[in-house]
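*Asks:* kindly return the folded structure for what I paste below:
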Amino acid sequence: MQALQPSRKEIIGFFMKRGVLLSQEMLLQLQEGELFEELKKQAQSIPHEVTVLNPAIKALLQSASTSDYNWQEIDKAKTITEKTNGHFEKTISVLLDNKPIPQDIAQNQPNVPIKILYSYNLDAQKREAQDFVDYFTQRYNALSSILRHRIELQGAVSISRLAMKREKESVSIIGMVTDKQVTKNNNHMITVEDPTGSINVMISKNRQDLYDQAKDIVYDEVIGIAGISGDKIVFGTSLYFPDIPALTELKKSPDETYAMFLSDLHVGSNYFLEEDFERFLRWINGETGSDEQKRIAEKIKYIFIIGDLVDGCGVYPEQDKELAIKDIKDQYAECARLLARIPPDKFLIICPGNHDAMRVAEPQLPIYHDFAEPLYQLKNATFVSNPALINIHSSSTFSGFDVLMYHGYSFDYYVAEVESIRNKGGYDRADLIMKFLLQKRHLAPSHSSTLYVPETTHDPHVISRVPDFFISGHIHKSAAANYRNVTLISGSCWQAKTAFQEKIGHHPEPSRVPIVNLQTRSIKIIKFGNEAA
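*Replies:* Have a look, this model is predicted:
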């Protein structure tokens with residue numbers, strides 16, 4: 001008798017409970033029925049490192065014992081080749097011998113010290129309600145996979161299995177936060193869900209450290225919880241966040257080279273600080289400054305520009321009254337004219353921001369060519385999406401630095417909603433916002449913190465790879481800090497305080513440029529404002 005054809009929901013649900021996602025091609029094959037029955041029998045032997053099942057992975061599972069393969073390298077290769085439009089199948093013969101990923105596969109721009117590890121480039125398409133479900137499912141699986149590497153959560157069970165636990169039994173779970181309340185007794189009540197169900201978790205006010213942690217929990221983030229089981233409730237005893245490892249390596253370049261970080265130029269605005277930017281251009285060309293400053297300017301090799309190159313048009317009501325250049329193409333032409341004065345031996349790496357001429361929903365594609373054609377004529381410029389992951393300064397003997405670029409549109413939400421950030425300086429502490437997002441391993445964990453495109457194959461805001469640098473802009477204040485050997489840098493701006501900023505009490509610090517010595521990882525912030533004249 002022919003096997004009944006399984007439903008799409010049945011197939012996805014079966015593998016989701018095992019922490020495995022399916023590619024679209026694999027799902028279509030499984031819907032034929034017989035293959036699904038075959039893989040159901042093999043499901044227990046699928047290694048926990050396998051997070052996505054596609055035809056190539058399926059072939060490996062069926063070809064030999066799963067212990068023969070270096071599954072961590074296979075998963076790494078799959079991620080890299082997907083991000084760089086490579087061919088995963090071509091790496092299999094190398095990976096079966098447990099060899100590292102070849103450089104020509106891992107790096108998509110050989111012999112150039114800038115490698116694009118991730119830049120979003122998918123075409124726009126129609127979105128449906130199911131896409132949002134798939135998007136959050138992808139996020140849950142990616143972050144729960146990170147959490148399961150913690151010793152404390154390796155025994156985590158699905159929420160549906162809590163019903164099988166005895167009262168007062170120790171349990172651990174991983175869930176996405178769907179609700180957060182303060183009870184009449186002033187305890188925190190947090191609701192979390194996973195693909196199998198939801199549960200309330202109570203955090204007692206008598207556990208002060210835990211209670212303070214719970215204050216900063218935000219909607220839609222994925223957390224781990226250890227506690228004591230009760231009747232349809234868990235009494236929390238510990239909270240765990242995806243976070244980055246405490247022992248992250250502090251990489252240093254073998255040679256003295258510098259990187260610098262600009263953001264929020266806002267060319268075209270009445271408030272654009274052209275004189276300050278002129279001082280910067282004279283300095284970067286070695287025309288001004290002390291001998292030491294001129295020496296540093298000469299050794300700068302990488303210049304990151306983290307969004308809002310122009311002020312845009314129609315970004316907010318009556319913006320035209322605050323524009324010196326009212327045509328968007330003319331704004332980009334002027335911006336290109338200014339950037340063209342930067343010496344051509346310095347690499348420009350540019351991502352968009354919310355004022356640039358493109359969709360606000362993230363991930364934003366690289367700046368549109370049709371609006372900004374003069375920028376694309378700059379021979380030393382590389383254009384990436386927002387967010388993006390870039391590797392710089394690699395060589396045959398040095399792996400280079402991974403730089404996570406994110407303009408920071410979500411930052412406003414966390415300044416308003418996270419008590420510890422708000423109480424310790426808010427907009428004046430970009431470093432606290434960035435540290436918070438690294439701990440969540442997500443650039444915009446709450447649904448309403450930014451506009452986004454619900455990608456069904458991955459969540460572009462998940463920080464799956466720990467960077468060496470996390471750089472941002474948006475809030476118009478420069479900042480630099482270190483968190484677990486990740487250097488956090490927020491660019492300044494080149495725009496004076498606007499009427500809107502005055503109204504909301506925002507105090508920008510324009511014309512300041514963070515510069516990093518890649519050999520020592522030391523940071524200087526050079527001021528090009530009136531005080532530098």
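*Asks:* all contacts plus neighbour counts: C-alpha atoms, from now on.
*Replies:* Noted.
*Asks:* walking through the stretch 351-500 of the chain, point out its helices one by one.
*Replies:* Using DSSP state H, counting those that start in this stretch, the helices of the stretch 351-500 of the chain run over residues 373-376, 411-417, 419-423, 430-440, 499-504.
*Asks:* just name the most buried of those.
*Replies:* Highest mean neighbour count among the helices of the stretch 351-500 of the chain (mean count of other Cα atoms under 10 Å): helix 430-440, with a mean of 23.
*Asks:* closest one to Val218 among the helices of the stretch 351-500 of the chain?
*Replies:* Nearest to Val218, of all the helices of the stretch 351-500 of the chain, is helix 411-417, at 7.8 Å by Cα to Cα.
*Asks:* average pLDDT across the closest one?
*Replies:* Per-residue pLDDT values across helix 411-417 average out to 95.
*Asks:* what about the closest residue to Ser253 other than its chain neighbours, how many neighbours?
*Replies:* Closest residue in space to Ser253, ignoring its immediate chain neighbours: Gln519 at 4.3 Å, by Cα to Cα, 6 or more residues apart in numbering. Number of residues near Gln519 (other Cα atoms under 10 Å) recorded here: 14.
*Asks:* name the SS class of Gln519, please.
*Replies:* Assigned by DSSP: H, G, I helix; E, B strand; the rest coil, the conformation of Gln519 is coil.
*Asks:* how about Ile174?
*Replies:* strand.
*Asks:* what's the spacing between it and Ser160?
*Replies:* 12 Å (Cα to Cα, to the nearest Å).
*Asks:* please apply the same query to Phe528.
*Replies:* Note on Phe528: its distance to Ser160, by Cα to Cα, is 59 Å.
*Asks:* those two - which one has more neighbours?
*Replies:* The neighbour count for Phe528 versus Ser160, taken as other Cα under 10 Å, is higher for Phe528 (21 against 14).
*Asks:* ok, the more buried one - contacts?
*Replies:* For Phe528, the contacting residues are 276-277, 279-280, 511-513, by Cα atoms under 8 Å, 6 or more residues apart in numbering.
*Asks:* and which of those is nearest Pro387?
*Replies:* Pro387 lies nearest to Val513 out of the contacts of Phe528, by Cα to Cα, at 20.7 Å.
*Asks:* what helix or strand is that closest one located in?
*Replies:* Secondary structure from DSSP states H and E places Val513 in strand 512-517.
*Asks:* strand partners of that strand, parallel vs antiparallel please.
*Replies:* strand 258-262 (antiparallel), strand 523-527 (antiparallel) (DSSP bridges).
*Asks:* relative to Gln377, which of these is closest?
*Replies:* Closest to Gln377 of those is strand 258-262 (Cα to Cα; 19.8 Å).
*Asks:* as JSON lines, the contacts of Phe528 with neighbour count would be great.
*Replies:* Listed next are the contacts of Phe528 as JSON lines, based on neighbours: other Cα atoms under 10 Å:
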{"residue": "Asp276", "neighbour count": "20"}
{"residue": "Phe277", "neighbour count": "18"}
{"residue": "Arg279", "neighbour count": "21"}
{"residue": "Phe280", "neighbour count": "22"}
{"residue": "Ser511", "neighbour count": "32"}
{"residue": "Arg512", "neighbour count": "25"}
{"residue": "Val513", "neighbour count": "22"}
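*Asks:* could I get the average pLDDT for stretch 393-407?
*Replies:* 95.
*Asks:* whoops, stretch 317-331 was the one
*Replies:* 92.
*Asks:* not counting that stretch itself, show me its contacts.
*Replies:* With Cα under 8 Å, 6+ apart as the test, stretch 317-331 has contacts from 267-271, 310-314, 357, 371-372.
*Asks:* before we move on, back to that, which of the contacts of Phe528 lies closest to His458?
*Replies:* Ranked by distance to His458 (Cα to Cα), those are led by Val513 at 33.8 Å.
*Asks:* would you confirm that the closest one contacts Met260?
*Replies:* Yes - using Cα atoms under 8 Å, Val513 is in contact with Met260, at 6.9 Å.
*Asks:* how far away is the residue nearest to Ser253 from Gly400?
*Replies:* 11 Å.
*Asks:* swap in Gln331?
*Replies:* Gln331 is 34 Å from Gly400, by Cα to Cα.
*Asks:* ok, now Tyr427?
*Replies:* 31 Å.
*Asks:* quick one: residues contacting the nearest residue to Ile367 once chain neighbours are set aside.
*Replies:* Closest residue to Ile367 apart from its sequence neighbours, by Cα to Cα, 6+ apart: Pro352 at 5.8 Å. Applying Cα under 8 Å, 6+ apart to Pro352 gives the contacts 306-309, 364-367, 384-386, 407.
*Asks:* which one of the residues you listed is nearest Asn186?
*Replies:* His407 (37.0 Å).
*Asks:* that closest one reaches His474, doesn't it?
*Replies:* Yes - counting by Cα under 8 Å, His407 touches His474, with 5.9 Å between them.
*Asks:* who touches both of those two?
*Replies:* Joint contacts of His407 and His474 (Cα under 8 Å, 6+ apart) are 307, 353.
*Asks:* the least confident helix or strand in the chain by mean pLDDT: what's the following helix or strand?
*Replies:* One helix or strand of the chain scores below all others by mean pLDDT, DSSP states H and E: helix 103-106, with a mean of 35. Using DSSP H and E, the helix or strand that follows helix 103-106 towards the C-terminus is strand 114-119.
*Asks:* what helices and strands are in contact with the helix or strand just after that following strand?
*Replies:* Counting by DSSP H and E, the next helix or strand C-terminal to strand 114-119 is helix 129-147. The elements that helix 129-147 packs onto, with contact taken as 3 or more Cα pairs under 8 Å, 6 or more residues apart in numbering; DSSP states H and E, are strand 170-182, strand 222-229.
*Asks:* which residues touch the shortest one?
*Replies:* Contacts of strand 222-229 with the rest of the structure, by Cα under 8 Å, 6+ apart, involve 140, 143-144, 147, 152-153, 162, 165-177, 234-242, 440.
*Asks:* secondary structure element for Ile305?
*Replies:* For Ile305, the element it lies in under DSSP H and E is strand 300-306.
*Asks:* what's that strand packed up against?
*Replies:* By 3+ Cα pairs under 8 Å, 6+ apart, strand 300-306 packs against strand 258-262, strand 347-351.
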